[in-house]
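Visitor: what follows is a predicted protein model with its sequence.
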Amino acid sequence: MGVKTVCTTDDPTDDLKWHQKLKDDGFEIPVLPAFRPDKAMAPEDPAAFNHFVSLLEKVTDSKINTYPDYLKQLKSRHDFFASMGCSVSDHGLEEIYAEDFTTDEIEIVFKQLRAGQTINLDQNRKFKSAMLLQFAKWDHEKGWVQQFHLGALRNNNTRLLQQMGADVGCDSIGDFKQAVALSKFLRTLDDADQLTKTIIYNLNPADNEIFATMAGNFNDGKTVGKIQFGAAWWFLDQKNGMISQLNALSNMGLVSRFVGMLTDSRSFLSYPRHEYFRRILCNLFGTEVENGELPAEQLNWISQIIKDICFNNAANYFGWSHLIENK
């Protein structure tokens, strides 16, 4: 398949021992972790949240009694992931959270959670907002790429959730409002000059143009393709979904800077999707050449754009020098 690099999706409490083993064994393809802290900012279930904190205490050999303690140990894991070659974070959320909050409010929420108390919806959203901003600032400090997969409505079937657990397939597209909070979140970081390279993925196809235009709001002219409208994913990871995403991006943004296909199914059997994407991409460009919408005399230029979307843009965007050197 010509694979040059693989990124996994990893919880902050993962010890990454298998990544180290692959490196120690001299495996020829770099396998890099990606920081996925969803459980660290999920206070809906105090028992589940405290279980995560217990795992964090164990992996950091520490006691976590206060919110500053919590941030300190999460930061230590963020640093550890960086030492293991991580340069990407990923967040799977229904929507972006961008509520106003004070540090005192978040410390109170954390104390309640550690006591096993259920918090209200307003506290929930403020806690998520605080954590999301903190992760974004750490990503900026390290020059990481942050990714946001937005819009999944998960665990719809209670019967199967109880029988088999979370994330077993009873998920669907959600119709969450995205634009206002996403704009506020990115603007808050941009105003503070703490907005790192960012990829936003939508699961609801009705949001294609919203995400494509939102990305354009925060590109700064200094970092090439800094804010990306990410590839079609999950339910949209099929022919019609890919075509719709590509057309929305080319109509509203700059498709030549697109970092291309992402396959996040965590399965080696998913690699053919990249070939599937490349064929769809080439067909779109070829059809527009045949229709006279793109100049037939500029095939070398068009070919380079396709090569960039399929490989070079991602290699440069993620800063993976081994890919740039071996392209």
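Guide: Received it, and whenever you're ready, just let me know what you need.

Visitor: quick check: the closest residue to Y271 other than its chain neighbours vs F80, distance?
Guide: Distances taken as C-beta to C-beta, 6 or more residues apart in numbering put M1 closest to Y271, at 4.7 Å, once the chain neighbours are dropped. From N, CA and C alone the C-beta is placed, and that goes for glycine too. M1 sits 30 Å away from F80 when distances are taken as C-beta to C-beta, to the nearest Å.

Visitor: what segments of the stretch 151-300 of the chain are strands?
Guide: In the stretch 151-300 of the chain, the segments counted as strands under DSSP state E, counting those that start in this stretch are 152-153, 172-173, 197-202, 227-229.

Visitor: ok, which of the ones you listed comes nearest F185?
Guide: strand 197-202 (9.7 Å; C-beta to C-beta).

Visitor: just the pLDDT at L269, thanks.
Guide: Predicted confidence (pLDDT) for L269: 77.

Visitor: near it, how many other residues are there?
Guide: Burial measure for L269: 8 neighbouring residues, criterion other C-beta atoms under 10 Å.

Visitor: between the longest helix along the chain and strand 197-202, how big is the angle?
Guide: The longest helix of the chain (DSSP state H) is helix 121-142. Counting by axes from the mean of the first three to the mean of the last three C-alpha atoms, to 10 degrees, helix 121-142 lies at 140 degrees to strand 197-202.

Visitor: now do the buried residues in helix 121-142.
Guide: 123-136, 138-140 (16 or more other C-beta atoms under 10 Å).

Visitor: can you dump the C-alpha coordinates of that helix into CSV?
Guide: Extracted in CSV, the C-alpha atoms of helix 121-142 (Å, rounded to 0.1, in the frame of the first residue of the first chain):
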residue,chain,number,x,y,z
LEU,A,121,-25.6,21.1,32.4
ASP,A,122,-24.2,24.6,32.7
GLN,A,123,-21.3,23.3,34.8
ASN,A,124,-20.7,20.5,32.4
ARG,A,125,-20.4,22.8,29.4
LYS,A,126,-18.1,25.2,31.3
PHE,A,127,-15.8,22.3,32.4
LYS,A,128,-15.6,21.1,28.8
SER,A,129,-14.9,24.6,27.6
ALA,A,130,-12.1,25.1,30.1
MET,A,131,-10.5,21.8,29.2
LEU,A,132,-10.8,22.3,25.5
LEU,A,133,-9.0,25.6,25.7
GLN,A,134,-6.3,24.2,27.9
PHE,A,135,-5.5,21.4,25.5
ALA,A,136,-5.5,23.9,22.6
LYS,A,137,-3.0,26.1,24.3
TRP,A,138,-0.7,23.1,25.0
ASP,A,139,-1.0,22.1,21.4
HIS,A,140,0.0,25.6,20.3
GLU,A,141,3.0,25.6,22.6
LYS,A,142,4.3,22.5,21.0
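
Visitor: give me the sheet partners of the next helix or strand after it and which way each runs.
Guide: Following helix 121-142 in sequence order, the next helix or strand is strand 145-150 (DSSP states H and E). Sheet pairing of strand 145-150 (DSSP bridges) gives strand 88-93 (parallel), strand 197-202 (parallel).
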